[in-house]
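Asks: just to be clear, the model below is a prediction. Sequence and coordinates:
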Amino acid sequence: MEFKLKSEFVELDNMLKILELVESGAQAKQQIQAGLARVNGEVESRVRRKLRQGDCVEFSGKKIDVVV
């Protein structure tokens, strides 16, 4: 799956909401802080982690490549 950037970056919680992988911002925050998201192979617990072109997110069994 690919996520196309519309600006320089997107925050991790917002991307999960846009892709409808979570139902709400609160759910995104809980799941990220619980260590359920990986960015570039590393567990990411920062809700507002800025994702840029080339980043790869793994969440809920899906792999998402951030592209321009």
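Replies: Here it is on my side, so go on.

Asks: so which elements touch the longest helix seen in the chain?
Replies: Assignment by DSSP state H gives helix 25-33 as the longest helix of the chain. Applying 3 or more Cβ pairs under 8 Å, 6 or more residues apart in numbering; DSSP states H and E, one finds that helix 25-33 makes contact with helix 12-18. C-betas here are computed from N, CA, C, even on glycine.

Asks: only the buried residues of the longest helix of the chain, if you could.
Replies: 28-29, 31-32 (16 or more other Cβ atoms under 10 Å).

Asks: farthest-apart pair in those residues, please.
Replies: Spatial extent of the buried residues of helix 25-33 (Cβ to Cβ) is set by the pair Lys29 and Gln31 at 7.5 Å.

Asks: check what pLDDT Asn40 gets.
Replies: pLDDT recorded at Asn40 is 98.

Asks: tell me which residues touch it, please.
Replies: 55-56 (Cβ atoms under 8 Å, 6 or more residues apart in numbering).

Asks: tell me the phi and psi of it?
Replies: phi 50, psi 40 (degrees, to the nearest 10).

Asks: ok, now how distant is it from Arg49?
Replies: Using Cβ to Cβ, to the nearest Å, Asn40 is found at 10 Å from Arg49.

Asks: show me which strand runs longest in this structure.
Replies: Longest strand in the chain by number of residues (criterion: DSSP state E): strand 62-67.

Asks: tell me which residues of it are tucked away?
Replies: 64, 66.

Asks: what packs against it?
Replies: Secondary elements touching strand 62-67 (3+ Cβ pairs under 8 Å, 6+ apart): strand 2-4, strand 56-59.

Asks: again, 10 Å this time
Replies: In terms of contacts (3 or more Cβ pairs under 10 Å, 6 or more residues apart in numbering; DSSP states H and E), strand 62-67 is packed against strand 2-4, helix 12-18, strand 37-39, strand 56-59.
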